[in-house]
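Asks: sequence plus predicted model, see below.
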Amino acid sequence: MVFALGAMLGSCGGAASIDVDSLDSPCACAEATVTVVDESIDMLKDFKDIEDPSDEVRLEFVEDYKPIQAKMEEIQEKCKGDLAIEKADKDCDAAKEAADKLAEMMKMM
């Protein structure tokens, strides 16, 4: 299970491939947020599926989760003001999805 968590972070695409500097619209910020939160939810689900994880597994999860958390913080720092998700056009599906995904993630934590 621990290897699966690590493999998710090491895979091509996803949160690791997001170039935060290239986010140039509220919708792009929302799309990036959805990508990172999806990975976060997947990791949290996998961790919660482990029955009585050892301290070693817990520490490995924390280490594997750090890049996701760092990417989310980077996106939050970039996507303020004019790039805030709340300012996305009504036709930006990712903006609506981001709020739902963030709520889901917070429930899991």
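Replies: Thanks, I have the structure now. Predicted model only: the values in this text are computed from it and were never measured.
Asks: tell me the contacts of the residue most central in space within the chain?
Replies: For the chain, Val36 is the residue whose C-alpha lies nearest the centre (Cα atoms, centre = their mean; 2.3 Å). By Cβ atoms under 8 Å, 6 or more residues apart in numbering, the residues touching Val36 are Ala15, Ile18, Ile68, Lys71, Met72, Ile75. From N, CA and C alone the C-beta is placed, and that goes for glycine too.
Asks: please apply the same query to Met105.
Replies: Val37, Ser40, Ile41, Leu44.
Asks: buried set for whichever strand or helix holds it?
Replies: Remark: Met105 resides in helix 93-108, with elements defined by DSSP states H and E. Of all the residues in helix 93-108, those buried under the rule 16 or more other Cβ atoms under 10 Å are Ala94, Ala95, Glu97, Ala98, Lys101, Leu102, Met105.
Asks: wait, the fifth one sits on Asp42?
Replies: No. Applying Cβ atoms under 8 Å, one finds Lys101 not in contact with Asp42, separated by 11.2 Å.
Asks: buried ones only from the contacts of Val36, please, as a ChimeraX command.
Replies: Selecting only the buried entries of the contacts of Val36 in ChimeraX, with 16+ other Cβ under 10 Å as the criterion:
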select :15,18,68,71,72,75
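Asks: alright, that wraps it up for me.
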